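>>> coords below, sequence missing:
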């Protein structure tokens, strides 16, 4: 399998007065192209910190992060911003849509940072919106006029408008009801099957079972992983396998 991200001896610490808190401890990880990787662990285990380090949103204290053999952990902030804009997409629990812009403009705002061809980006945005079940009646709506699930699907389109090589998602279904959560997971599963690499943090087993690989984090260390293969609806053995794994991890 082709590696898209590699982490070597990663540590992340924060200073709290005179106390140094070690959040991530000597991690070595590979994230593979086309994988749907989920990071799980108890609250405070370092899941989001790891996600932000992998994505270049935060810098490691010690260690190296490579994106396709190029070390990004030594980039300055400006270069990291350019890297994220070109290669990464982000989906968060809070959608962070601009309330003063309609759906289409929220997406174009990100797309036009990379391409100046407004006509092409607009066409692509409409095509992607339709692919996630949002037709032309949604284009002129403002975020306040959308359901939670619709807003999160808009956020996913915004994340993939520039054809990023990897999408990072932090609890993307955490603020949604069960119906909207399933709709969003269907979108993430669809784009992954089309070749999109995804790294996602979640605490929810129904969300996690969409992944083909689970990394379990405890006290800043990945203690084990579970490989599930490609997701198929109605695969109860998959659910049981993941639950057994999580129970063994002390989840």
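Everything's here; your move. Please read these numbers as outputs of a predicted model, since none were measured by experiment.

>>> so residue 29 bridges to which residues?
residue 7 (DSSP bridges).

>>> how many neighbours does it have?
Other residues near residue 29 come to 19 when the count uses other C-beta atoms under 10 Å. All C-beta atoms are positioned from the backbone trio N, CA, C, and that covers glycine.

>>> isn't it up against residue 221?
No: applying C-beta atoms under 8 Å, one finds residue 29 not in contact with residue 221, separated by 11.0 Å.

>>> and the longest helix for the chain?
helix 178-193 (DSSP state H).

>>> now do the buried residues in that helix.
Neighbour-count burial for helix 178-193, with 16 or more other C-beta atoms under 10 Å as criterion, is recorded at 180-181, 183-185, 187-189, 191-192.

>>> just these now: which is nearest residue 49?
Nearest to residue 49 among those is residue 188, at 21.9 Å by C-beta to C-beta.

>>> which element, helix or strand, includes residue 127?
Assigned by DSSP states H and E, residue 127 belongs to helix 118-131.

>>> circling back: run through the neighbouring helices and strands of the longest helix of the chain.
Contacts defined by 3 or more C-beta pairs under 8 Å, 6 or more residues apart in numbering; DSSP states H and E place helix 178-193 against strand 36-41, helix 148-160, strand 197-201, helix 205-208.

>>> and the first one, what does it pack onto?
This points to strand 36-41. Packed next to strand 36-41, using 3+ C-beta pairs under 8 Å, 6+ apart, are helix 47-54, helix 178-193, strand 197-201, helix 205-208, strand 213-218.

>>> any chance of JSON lines for the ones you listed, columns distance to residue 124 and mean pLDDT?
Listed next are these as JSON lines, based on distance: least, C-beta to C-beta, whole Å; pLDDT from 0 to 100:
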{"stretch": "helix 47-54", "distance to residue 124": "26", "mean pLDDT": "93"}
{"stretch": "helix 178-193", "distance to residue 124": "14", "mean pLDDT": "91"}
{"stretch": "strand 197-201", "distance to residue 124": "19", "mean pLDDT": "97"}
{"stretch": "helix 205-208", "distance to residue 124": "27", "mean pLDDT": "94"}
{"stretch": "strand 213-218", "distance to residue 124": "29", "mean pLDDT": "96"}
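
>>> between these, which one is closest to residue 147.
Each of those has some distance to residue 147 by C-beta to C-beta; the shortest is helix 178-193, at 6.4 Å.

>>> show me how far that closest one is from its chain's centre.
Distance, stretch centre to chain centre, for helix 178-193: 13 Å (C-alpha atoms, centre = their mean, to the nearest Å).

>>> what's the angle between it and strand 36-41?
In terms of direction (axes from the mean of the first three to the mean of the last three C-alpha atoms, to 10 degrees), helix 178-193 departs from strand 36-41 by 130 degrees.
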